[in-house]
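Asks: Fold the following, please.
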Amino acid sequence: QLQASGGGLVQAGGSLRLSCAASGRTFSSYTMGWFRQAPGKEREFVGAITPGAGSIYYADSVKGRFTISRDNVKNTLYLQMNSLKPEDTADYYCAAGRILSKATSSYNVWGQGTEVTVSS
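Replies: Residues are numbered from 1 along each chain as shown. Have a look, this model is predicted:
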């Protein structure tokens, strides 16, 4: 089970850090991903990190502004978001899967969304 938190309202240029807490003992064996979904749009890939954090993959739209990390002792995934833009406004979801992929179909465990709103 995954529980995302940390969303909120922030001005453009600001920062937020999202967390995703995982229950169970197998967090460290999963590739973890972040996705987002804006109103009226499809869910889109933000980034993903392999179990040992050896590989991290970002969408072009967030590269250089967002950083994914994980703490396998705390069973927690993070998304540090800097230089936020109004177009980053969306519900953000964490997900667990077995391969490093930007496809939603590659992830079989999903958390509930946490809402991020960036004002201009």
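Asks: Mind checking what secondary structure the residue nearest to the spatial centre of the chain has?
Replies: Taking CA atoms, centre = their mean as the criterion, W34 is the residue nearest the geometric centre of the chain, at 2.6 Å. What DSSP: H, G, I helix; E, B strand; the rest coil gives for W34 is strand.
Asks: cool, S105 as well?
Replies: Under the three-state scheme (three-state DSSP), S105 adopts helix.
Asks: Return the distance of the residue nearest to the centre of the chain relative to I68.
Replies: 6 Å (CB to CB, to the nearest Å). Yep, even glycine has a C-beta here, placed from its N, CA and C like the rest.
Asks: which residues do the two both contact?
Replies: Jointly contacting W34 and I68 under the rule CB atoms under 8 Å, 6 or more residues apart in numbering are G47, A48, L77, L79.
Asks: The third one: neighbour count?
Replies: Read it as L77. Using other CB atoms under 10 Å, L77 has 28 other residues around it.
Asks: circling back: so who does the residue nearest to the centre of the chain touch?
Replies: 18, 20, 45-48, 68, 77, 79, 92-95.
Asks: next one: R17
Replies: By CB under 8 Å, 6+ apart, the contact set of R17 is G6, Y78, L79, Q80, M81.
Asks: State whether the last one and G13 are indeed in contact, as I suppose.
Replies: I take that to be M81. No. If you go by CB atoms under 8 Å, M81 and G13 don't touch, sitting 11.3 Å apart.
Asks: So for those two, which residue has more residues nearby?
Replies: Legend: neighbour count by other CB under 10 Å for M81 and G13, higher for M81 (24 against 11).
Asks: Run through the bridge partners of the more buried one.
Replies: L16, F66 (DSSP bridges).
Asks: That one and S28: what is the separation?
Replies: Relative to S28, and taking CB to CB, M81 is found at 24 Å.
Asks: now swap in R70 and tell me
Replies: Taken as CB to CB, the span from R70 to S28 is 8 Å.
Asks: ok, the two, which is more surrounded?
Replies: Neighbour count, other CB under 10 Å: between R70 and S28, R70 has more, with 23 against 13.
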